[in-house]
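Undergrad: Quick one, structure for this:
(one chain, ligands or ions: 1)
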Amino acid sequence: MRVGMVCYPTFGGSGVVATELGKALAAQGHEVHFITYDQPVRLGSFRPNVYYHEVRISNYPLFDYPPYELVLASKMVEVARQQKLDLLHVHYAIPHASSAYTAKRILESGGHHLPVITTLHGTDITLLGKDPSFEPVISFAINQSDAVTAVSSSLRNDTYKLFGINTDIEVIPNFICPTHFINLEGVHNRADFASENESLICHISNFRPVKRVQDVIETFALLSKRRPARLMMVGDGPDRPAAERLARELGVGERVTFLGKLKNPLEALAIADLFLLPSESESFGLAALEAMACGVPVVATEAGGLPEVIRHGVSGMLASVGDIEKMADHAEFLLDPEHLGRFREQARSRASAFHIDKVLPAYLKAYEGILTPQVTD
Ligand code: GMT
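TA: As a prediction, the model looks like this:
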């Protein structure tokens, strides 16, 4: 099969999922063509069956807003024609699904049928989707896709609630590739970040308001009063300065390290004892799944798809959004040496339910469902 894979190439979970999916398909002998404006961060080095086509946008002075969607659609057409793509898999509705629709119609006019599968990831629906200026385009692009998937039941339900959707949405959860979780031990020395008697807490995100990074700091400050602990803040984004300020104000500035964006955040998870994810909304929470796969239990909110990933009382514990007291209680409970070992094991075991070998067949089935014999132009 020849698949065009369209995603955001950045650190966000949707780009990571698209990249890992593409790599897994390529390993099975499918040809995967990434179409993005930059090399996806997790694509790594050159490998068989994987190709990268850059969407380059010229900076014509007339354009206050460069028309990325049009350049992307043109690139989709070009790659589909030259590489004889069988289908296009677009991750994130805006603008990928609408550009795919444009590309599909252009190709159709030349007799090339190119089915499109759209995977919804979360913020495209739960945040951007609430903006009425996007609504007609998102609804249309989703309805015009030949297949639509969402990464959790919660996201599927939100999509039906927020948009005029008249097509089936299949839930295909995000996944982990177990090979990424071996050889992580020893990459970093835990002793460089915390002493033996200190618990090491980790948070990873893009520091946007939806992640409530201030709640991470407040929860950590409460926990620090009860047991010796340190916090690693991984990632960057608009709320980082406020979080840094808050840590100083709450007197824990010395115990919190802001590490910025890491090429491989799994290396930080590998030395952590607990992961904190107090998001306002979260369609899935890939970072929480990755933490669990590293044997790190999670304290999170019961928002969106998080309860579908984290089993309360098994692989972590959940609290209401904003309930920092409860999150600090949960963290203290999980970090108790009487409980931590058991929760570490249970976290690992829960993560194995999301093994790529269990999820990849669902995507392949969805692809097969939309494939029809290709007519070349
Ligand atoms: O969390 C973000 O702001 C980034 C966003 C993205 O596009 O990568 O993440 C969304 O997609 C991830 C992959 O499916 C999910 O694991 C995240 O939960 C989801 N983020 C939100 O719903 C806020």
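Undergrad: for the ligand, what are the nearby residues on this structure?
TA: Contact residues (Cβ under 6 Å from any ligand atom) of the chain with the ligand: 12-14, 17, 92, 121-123, 126, 151, 174, 206, 208, 210, 281-286. Bear in mind the C-beta positions are built from the backbone N, C-alpha and C, glycine included.
Undergrad: Inside helices: which ones of those?
TA: Among those, the members found in helices (DSSP state H) are 13, 14, 17, 123, 126, 286.
Undergrad: Quick check on those: which are buried?
TA: Among those, the ones that count as buried by 16 or more other Cβ atoms under 10 Å are 13, 14, 17, 123, 126, 286.
Undergrad: pLDDT value on residue 126, please?
TA: Per-residue confidence (pLDDT) for residue 126: 74.
Undergrad: List the contacts of it.
TA: By Cβ atoms under 8 Å, 6 or more residues apart in numbering, the contact set of residue 126 is 155, 158, 162, 281, 283, 304.
Undergrad: coming back round to it: between the ones in helices among the residues of the chain next to the ligand, which sits nearest residue 320?
TA: Using Cβ to Cβ, residue 126 comes nearest to residue 320 of those, at 17.4 Å.
Undergrad: neighbours around the residue nearest to residue 294 when sequence neighbours are not counted, how many?
TA: Ranked by Cβ to Cβ, 6 or more residues apart in numbering and with sequence neighbours excluded, the top spatial neighbour of residue 294 is residue 269, at 4.2 Å. Around residue 269 there are 24 other residues, counting by other Cβ atoms under 10 Å.
Undergrad: Thought residue 201 was touching residue 269, still the case?
TA: No - Residue 269 is beyond contact range of residue 201, at 11.2 Å (criterion: Cβ atoms under 8 Å).
Undergrad: What is the helix or strand where residue 23 lies packed up against?
TA: Residue 23 is part of helix 13-27, with elements assigned from DSSP states H and E. Counting contacts by 3 or more Cβ pairs under 8 Å, 6 or more residues apart in numbering; DSSP states H and E, helix 13-27 is packed against strand 2-6, strand 31-36, strand 50-54, strand 87-91, strand 116-120, helix 286-293, helix 356-370.
Undergrad: got JSON lines for these, with mean pLDDT too?
TA: Formatted as JSON lines, those follow (pLDDT from 0 to 100):
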{"stretch": "strand 2-6", "mean pLDDT": "98"}
{"stretch": "strand 31-36", "mean pLDDT": "97"}
{"stretch": "strand 50-54", "mean pLDDT": "95"}
{"stretch": "strand 87-91", "mean pLDDT": "97"}
{"stretch": "strand 116-120", "mean pLDDT": "97"}
{"stretch": "helix 286-293", "mean pLDDT": "97"}
{"stretch": "helix 356-370", "mean pLDDT": "97"}
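Undergrad: could those be laid out in CSV, adding distance to residue 218?
TA: What follows is those, written out as CSV (distance: least, Cβ to Cβ, whole Å):
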stretch, distance to residue 218
strand 2-6, 38
strand 31-36, 36
strand 50-54, 42
strand 87-91, 33
strand 116-120, 31
helix 286-293, 19
helix 356-370, 35
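Undergrad: lowest-pLDDT helix or strand in this structure?
TA: helix 123-126 (a mean of 77; mean pLDDT, DSSP states H and E).
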